[in-house]
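Student: Provided below for reference: sequence and predicted model.
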Amino acid sequence: MLLLRRLTAPAVQSCRRVAYVQGQSPAPKIREYFYYIDHEGMLFLDDARIKNFTSCFKEKQFLEFFFKRLKLNDTDRYRDTFPFLSVCGRERNFIRCDDLPIVFTHVLQIDHEDRLAYAHGYDKMSVPWQPDRICMFPDTGRVYHPAPERYGSIGLVRSKLAIELSSSFTFQNGEDRPPTHFRWKEQEYELDQDWWKETYVGKRPHQDL
């Protein structure tokens with residue numbers, strides 16, 4: 001029950017407001033836009049007053065185009081507040097997140113291989129499912145899985161899927177410590193406890209299991 005409460009609790013976050021105008025042009029033929037990704041992986045304009053399913057971007061072709069160009073913000077603009085960037089032609093799309101830009105939504109099979117889909121792209125955007133490399137942080141209850149390097153090498157598992165997966169965790173060291181094993185399709189996996197330390201999450205300040 002404690003784990004369930006943690007998994008469903010919203011993240012506590014603060015965002016230092018910065019001045020911008022959607023579509024601003026800091027240089028000739030360059031336009032800048034600003035986006036927000038919530039903990040369910042839904043994409044919004046950052047300044048949208050209401051952020052819910054009705055106001056998020058849903059068009060699959062646009063989402064695929066946007067996320068396949070997403071990367072760490074390697075410019076000198078807005079890096080502290082918008083740590084990710086998607087460059088689409090002459091558009092610079094700056095992105096901040098509730099947690100991470102890549103949010104895994106469900107497990108699916110493609111050509112008999114288990115894969116983890118992200119960004120609500122279904123079979124258009126997915127990574128190989130690695131059941132031995134999921135990790136859960138006991139202080140937040142959030143569950144993570146490896147992602148491509150361009151995204152920081154780690155993604156968040158959305159709450160609904162994390163709750164489903166959590167029933168297969170084994171906590172040999174107690175529930176106040178990370179799970180040690182995970183059962184998937186009748187096979188028991190010993191969890192790698194260290195892989196995340198070299199990712200974007202591991203390099204954030206004060207991050208520890």
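Tutor: It's in. Numbering: from 1, shown residues only.

Student: sketch out the low-pLDDT regions of this protein for me.
Tutor: Flagging of the chain using pLDDT under 70 yields the residue ranges 1-16, 205-209.

Student: the closest residue to residue 145 other than its chain neighbours and residue 183, how far apart?
Tutor: Once flanking residues are discounted, residue 145 sits nearest to residue 134: 5.1 Å by Cβ to Cβ, 6 or more residues apart in numbering. No exception for glycine: its C-beta is placed from N, CA and C like everyone else's. Using Cβ to Cβ, to the nearest Å, residue 134 is found at 12 Å from residue 183.

Student: what of residue 42?
Tutor: 30 Å.

Student: ditto for residue 88
Tutor: Relative to residue 183, residue 88 is positioned 41 Å away (Cβ to Cβ).

Student: now residue 121
Tutor: Going from residue 121 to residue 183 by Cβ to Cβ gives 28 Å.

Student: more crowded one of those two?
Tutor: Remark: of residue 121 and residue 183, residue 121 carries more neighbours, 18 against 14, as counted by other Cβ atoms under 10 Å.

Student: for the more buried one, give me its contacts.
Tutor: When contacts are counted by Cβ atoms under 8 Å, 6 or more residues apart in numbering, residue 121 touches 60, 63-64, 67.

Student: quick one: secondary structure of the residue located most distally from the centre of the chain?
Tutor: In the chain, residue 28 marks the outermost C-alpha relative to the chain mean, sitting 32.7 Å out by Cα atoms, centre = their mean. Here residue 28 is recorded as coil under DSSP: H, G, I helix; E, B strand; the rest coil.

Student: domain ranges for this protein?
Tutor: Following the TED database, one finds the domains of the chain at 24-97, 103-200.

Student: turn these into a markdown table, columns for distance to residue 18.
Tutor: Converted to a markdown table, the domains of the chain look like this (distance: least, Cβ to Cβ, whole Å):
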| stretch | distance to residue 18 |
| --- | --- |
| domain 24-97 | 5 |
| domain 103-200 | 21 |
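
Student: all set now, cheers.
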